[in-house]
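Trainee: Quick one: sequence plus predicted model below, questions after.
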Amino acid sequence: MGDNGKFRIVDFGLRIERGDRMKNVAIIIRALPFNTIRNSEALRCAVGLTIEEENKIKVLFIDDGVFSAASLSCPAAQERDLPKHVETLKMMEVELIAEEEALVSRKLKISREEITIKPRQVINEMISSADVVIPF
Amino acid sequence: MGDNGKFRIVDFGLRIERGDRMKNVAIIIRALPFNTIRNSEALRCAVGLTIEEENKIKVLFIDDGVFSAASLSCPAAQERDLPKHVETLKMMEVELIAEEEALVSRKLKISREEITIKPRQVINEMISSADVVIPF
Amino acid sequence: MKLCILLTTSPEDQNSIVVIKLVQAALEGGHTAGLFLMDDGVYNVVKKNKISIRFAGLMTKGASIALCGHTAEERGVGAEDCLSGVKYAGQYELACMVNEADRFLTFGG
Amino acid sequence: MKLCILLTTSPEDQNSIVVIKLVQAALEGGHTAGLFLMDDGVYNVVKKNKISIRFAGLMTKGASIALCGHTAEERGVGAEDCLSGVKYAGQYELACMVNEADRFLTFGG
C-alpha cells in the first residue's frame, strides 16, 4: 500500500504501517442471553472496536446465542441496551449474522432487519477467515 | 426428641429446637476440576459444614465432577489442597461418593479409598432425600 | 419460614438480581431471610460496587447478610470495604445457616 | 511479534494463570505482550487482590496492561485501586490492540 497515500505512524507503539493493518474481526455470541451481562458486553465491545477504522467487524450469533438475536425487542433485552447496541452497530456498517440451523432447531425467528440469517457453514468460513476471533 | 436431653437454644435466632434440626446435606460436584477454584471451594465448604454437628454431609461427584474424584493425587489437585480436604472430610465421617456411570463412560478409576462408588440411581435418591442440596 | 441463600457468583451474573428479588418477596411475605456470600459472591456487598445498594436495601428490610472472610481476604476485600451490617464471618456461619434454614438455596455458576 | 490478550474473567478462573504463563513465555521469547481486562477481568489488577502481584511482575518484564474503565467503575474499582502502570482506558484502547496485534487471544467464561 506504499504508494496510495496511507500514512505511517512511526511513533505510536507497534502500529507502524497502519495501511497494512485492516483486520477482519469476528465477535461470536454463543451463550444464552440473560444469565449474565456477557452478551450485552459483547455488543458494547463490538461498538468499541469500530472506533479503530481499520477494524472490519462481524457479529455472529451461533448456538444458544441466537436467543439473543431473536429476543432483541423484549424488555430484558432493552434493559441491557441490546437494541441500542444493535442499531449503533448497523449504523457503523457492522454485519450482524445469526445461524440458520440454530434458529430452526430452536424454532426461533428474527424480527429485526439489522440481522441477517446465514447457514452455519458460511458462518464457519467467516470465523476461519477472520484475523481476530473474540468469543463471548 | 423432647425427652432425650437435647437442649433448646431459645435466644439464638430461629434455631429454637436444635435437637429437631438434624440436616442431611448433599454437596454436589459436577464440573471439571481445574478450570476454576470452584471444586476446591466445594470441599472446603463441606469441611466447614461439619462444624455444626447437626449437619450430616455427603459429597457427591457426578457427571464431569468425577474427574475431580479421579485426579485427587495429581499435582494440580494438590496445589488446590484437594487431598487435604478429602482426608479431613473422611476424618469428619463425611461420605464421599462418585457416580459409577460417569466414571465408566469417561474410563476413569478412583484410586483413593476415601471415595466410594455408587450407581447414579442411588446418588439421585440421596439428592432427593437430602434436606439441603448445595450444587457447586 | 427462614429462607437462606448461598450466593457464589459476582454481580455480573443474573443470580444477583434473582436473589435480590427472592429475598424481597420472602421478606414481604413475612418470612426471615439470610444470605451467605462466598467466592466472587462477596463482591455483591462491596460498598463501592453499584449493586451493593440493593443488598443494603435488603438489610434495611430485615435480611441478614454474612460472607466468607477467607474468600473476601483472598480478593483483598476487607470488612471496611463492605456494607455496614454485613457479618464478616466464616464457614461456621454457613454451617449454622444451613442447619437453621427451612429452605436453603444455592446460586452458583 | 505482538501478542495481545483480552481477559474477561475474575481471578477465580484458571484463565488468569494461563494468561500469566502465556505472557511470561511470550516476553521470555522476545515478543511484545499487551493485556486488556474487561468485566470481572479487571479484578486481576486490583492492588489488594493477591493475584495482582503476578500481573505487576508481567509489567516489570515489559507487558502493557490496560483495562476497561467503564466496567471497572461499575464495580467501584477506581484507577487508584489498580496496580500503578495499568492504563485505565476504554474500548478505544481495545480497538487499537486488536488492530495492532499479530496474535490476539480471548480468555472468557
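Mentor: Cool, the structure landed.

Trainee: Every contact and neighbour count from this point should use C-alpha atoms.
Mentor: Will do.

Trainee: Does stretch C:28-38 reach chain D?
Mentor: No. Stretch C:28-38 is not in contact with chain D by C-alpha under 8 Å from any C-alpha of the partner chain; minimum separation 11.4 Å.

Trainee: Same question for that stretch: list its buried residues.
Mentor: Buried residues in stretch C:28-38, counting neighbours by 16 or more other C-alpha atoms under 10 Å in any protein chain shown, are found at C:32-38.

Trainee: residue ranges of the strands in chain A, please?
Mentor: Here chain A has its strands, by DSSP state E, at A:23-29, A:55-61, A:95-99, A:115-118, A:132-135.

Trainee: for those, which one sits closest to C:Phe107?
Mentor: C:Phe107 lies closest to strand A:23-29 among these, at 23.8 Å (C-alpha to C-alpha).

Trainee: roughly how far out does the closest one sit from the chain middle?
Mentor: Centroid separation between strand A:23-29 and its chain, computed with C-alpha atoms, centre = their mean, to the nearest Å, is 6 Å.

Trainee: re the thing from before, for the strands of chain A, which one sits closest to C:Lys61?
Mentor: Of all the strands of chain A, it is strand A:23-29 that lies closest to C:Lys61, at 38.7 Å by C-alpha to C-alpha.

Trainee: Outside of the closest one itself, list whatever touches it.
Mentor: By C-alpha atoms under 8 Å, 6 or more residues apart in numbering or on different chains, the residues outside strand A:23-29 that reach it are A:39, A:42, A:46, A:54-62, A:65-66, A:126-127, A:129-136, D:98-99.

Trainee: List buried residues within those residues.
Mentor: A:39, A:42, A:46, A:54-62, A:65-66, A:126-127, A:130-136, D:98-99.

Trainee: picking that back up, would you list the strands of chain A in JSON lines and tack on mean pLDDT?
Mentor: Shown next, in JSON lines, are the strands of chain A (pLDDT from 0 to 100):
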{"stretch": "strand A:23-29", "mean pLDDT": "94"}
{"stretch": "strand A:55-61", "mean pLDDT": "95"}
{"stretch": "strand A:95-99", "mean pLDDT": "96"}
{"stretch": "strand A:115-118", "mean pLDDT": "96"}
{"stretch": "strand A:132-135", "mean pLDDT": "93"}
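
Trainee: need those in a markdown table with distance to C:Ile17, can you?
Mentor: Formatted as a markdown table, these follow (distance: least, C-alpha to C-alpha, whole Å):
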| stretch | distance to C:Ile17 |
| --- | --- |
| strand A:23-29 | 22 |
| strand A:55-61 | 25 |
| strand A:95-99 | 28 |
| strand A:115-118 | 29 |
| strand A:132-135 | 25 |
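
Trainee: Which among those strands is found nearest to D:Lys21?
Mentor: strand A:132-135 (20.2 Å).

Trainee: contacting residues around the closest one?
Mentor: Residues contacting strand A:132-135 (C-alpha under 8 Å, 6+ apart): A:23-30, A:127, D:98, D:103-106, D:108.

Trainee: Identify, from the residues you listed, the entry nearest to C:Leu6.
Mentor: Taking C-alpha to C-alpha as the measure, C:Leu6 lies nearest D:Gly108 of those, at 24.2 Å.

Trainee: Quick check: end-to-end length of stretch C:79-92?
Mentor: 17 Å (C-alpha to C-alpha, to the nearest Å).

Trainee: Need the contact partners of it.
Mentor: Contacts of stretch C:79-92 (C-alpha under 8 Å, 6+ apart): B:45, B:48-49, B:51-52, C:45-48, C:52, C:56, C:59, C:64-70.

Trainee: mind checking pLDDT for A:Ala76?
Mentor: According to the per-residue confidence, A:Ala76 scores 78 in pLDDT.

Trainee: Residue 72 - how many residues pack around it?
Mentor: As the question left the chain open, I've gone with chain A. Neighbourhood size, A:Leu72 [other C-alpha atoms under 10 Å in any protein chain shown]: 21.

Trainee: my bad, the chain I had in mind was chain C
Mentor: Using other C-alpha under 10 Å, C:Ala72 has 25 neighbouring residues.

Trainee: which one's the longest helix in chain A?
Mentor: Counting residues, the longest helix found in chain A (DSSP state H) is helix A:38-49.

Trainee: now for it, which elements pack on it?
Mentor: Applying 3 or more C-alpha pairs under 8 Å, 6 or more residues apart in numbering or on different chains; DSSP states H and E, one finds that helix A:38-49 makes contact with strand A:23-29, strand A:55-61, helix A:82-91, helix D:91-100.

Trainee: okay, now C:Thr8: neighbour count?
Mentor: Number of residues near C:Thr8 (other C-alpha under 10 Å) recorded here: 24.

Trainee: pretty sure it is in contact with C:Leu37, am I right?
Mentor: Yes. Using C-alpha atoms under 8 Å, C:Thr8 makes contact with C:Leu37 at a distance of 6.0 Å.

Trainee: what are the ranges of the strands in chain C?
Mentor: C:2-7, C:32-37, C:64-68, C:87-89, C:103-107.

Trainee: what does chain C put close to chain A?
Mentor: Listed as neighbours of chain A in chain C under the rule C-alpha under 8 Å from any C-alpha: C:12-15.

Trainee: Buried only: go through those residues for me.
Mentor: Buried, going by 16+ other C-alpha under 10 Å: C:12-13, C:15, out of the residues of chain C next to chain A.

Trainee: Tell me where the model's unsure across chain A.
Mentor: Counting by pLDDT under 70, chain A shows low-confidence ranges at A:1-20.

Trainee: hmm, 80 instead?
Mentor: Low-confidence segments of chain A (pLDDT under 80): A:1-21, A:33-37, A:73, A:76, A:79-80.

Trainee: what residues does it put near chain C?
Mentor: A:34-38.

Trainee: Could you give the bridge partners of the residue nearest the centre of chain A?
Mentor: By C-alpha atoms, centre = their mean, the mean C-alpha position of chain A lies nearest to A:Val59, the distance being 1.9 Å. Taking DSSP bridges, one obtains A:Ile27, A:Leu96 as the residues bridged to A:Val59.

Trainee: Please apply the same query to C:Phe36.
Mentor: Assigned bridge partners for C:Phe36, using DSSP bridges, are C:Leu6, C:Ala66.

Trainee: Spell out which residues sit in contact with A:Glu54, please.
Mentor: A:Glu54 touches A:21-23, D:99, counting by C-alpha under 8 Å, 6+ apart.

Trainee: can you list the residues you listed in a markdown table and add distance to D:Cys4?
Mentor: Shown next, in a markdown table, are the contacts of A:Glu54 (distance: C-alpha to C-alpha, whole Å):
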| residue | distance to D:Cys4 |
| --- | --- |
| A:Arg21 | 15 |
| A:Met22 | 16 |
| A:Lys23 | 14 |
| D:Asn99 | 10 |
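
Trainee: and the two most separated of the residues you listed?
Mentor: A:Met22 and D:Asn99 (7.4 Å).
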